[in-house]
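Chemist: structure for the following, please:
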Amino acid sequence: MMNRKYLAILLTVLLWTGNVRAQIQDDVLAALESRNFTAFKEFSDSLSNREKGIRSYWELLRDLTPDFREGVFIVEKTVPDEHNPNISSTSLFKVKILAGKTQIVFYELSEQKYRKVADQWESVDETIAGFEDTLLIEELNYSFRALFRADLDEKDLFSNELVYGEHCGFAGTYPEGRYEIMQFVKSGNKEELLKWLRSANSEKQVYAVDGLYQLCKKGAKLTEEELRMIAFVMHKNGRIQVCHGCIHSKDDIKVILAKFNF
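Modeler: As a prediction, the model looks like this:
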């Protein structure tokens, strides 16, 4: 049975850790509740310098349309054990955010938790708070349709699972997106490439520009509207997941697509 002294120490550590975690959570939420994206961006940029043990970064922050952007902001807070500095606990908070030029349109604040499923531990994002401005969401959807002549698919938001590249990993294999684009180009399937161009997922859009450029070199023609969509993607602000052999990193969309001259 756990002795009283050890139990008291354990409860003290848990209470202290919980208080620190709650403070970070409250600070992030307070910044979000201003619904001012400019202010939240300033808060996010300064958070890592505020105190020891905090690591914060934008997992993604990129344009959706000329007037709206999407982002995923991560905050990790590491708290050392008060009695054993070799032991620490880490809390991870995630913010999914949609914003106009200055206003926050949508946010969801969650904390990463672990649950045991069968014999394995799996991470889940447990929602803490959220907000959605329905009128501004309608403006976002209208802005997306006006540019891409397609509805914005919410499943494409906040995702960077696709990796852009050619020969990835030790074996130099094609990543999933590259393989699919190669098939579209090989079969001359312009319509499927345009579907990827009209996606809200930036990795898909970059692959689509690559594939459409290859089709053009084979003689395919693009309309003025299609060239307009391509031009927007080529000049988007933001970064995507890329691979160069065994190295996985992020690179600016503008830099990646600068070599394609339509």
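
Chemist: for stretch 46-54, how far is the first residue from the last?
Modeler: Counting by Cα to Cα, to the nearest Å, you get 11 Å between the two ends of stretch 46-54.

Chemist: and that stretch, how far from the chain's centre?
Modeler: Put simply, stretch 46-54 sits 21 Å off its chain's centre (Cα atoms, centre = their mean, to the nearest Å).

Chemist: give me the contacts around it.
Modeler: Here stretch 46-54 makes contact (Cβ atoms under 8 Å, 6 or more residues apart in numbering) with Ile24, Arg55, Ser56, Tyr57, Val75, Glu76, Lys77, Thr78, Val79, Pro80. Backbone N, C-alpha and C define where each C-beta goes, glycine included.

Chemist: what about the first one, neighbour count?
Modeler: Residues contacting Ile24 under the criterion other Cβ atoms under 10 Å number 22.

Chemist: looking at this, it is in a strand?
Modeler: No: applying DSSP: H, G, I helix; E, B strand; the rest coil, one finds Ile24 to be helix, outside a strand.

Chemist: and the residue nearest to it when sequence neighbours are not counted, how many neighbours?
Modeler: Among residues not flanking Ile24 along the chain, Lys77 sits closest, at 4.9 Å (Cβ to Cβ, 6 or more residues apart in numbering). Residues contacting Lys77 under the criterion other Cβ under 10 Å number 21.

Chemist: was I right about Lys77 contacting Ser91?
Modeler: Yes: using Cβ atoms under 8 Å, Lys77 is in contact with Ser91, at 4.9 Å.

Chemist: what residues are up against Ser34?
Modeler: Applying Cβ under 8 Å, 6+ apart, we find Ser34 in contact with Phe40, Ile104.
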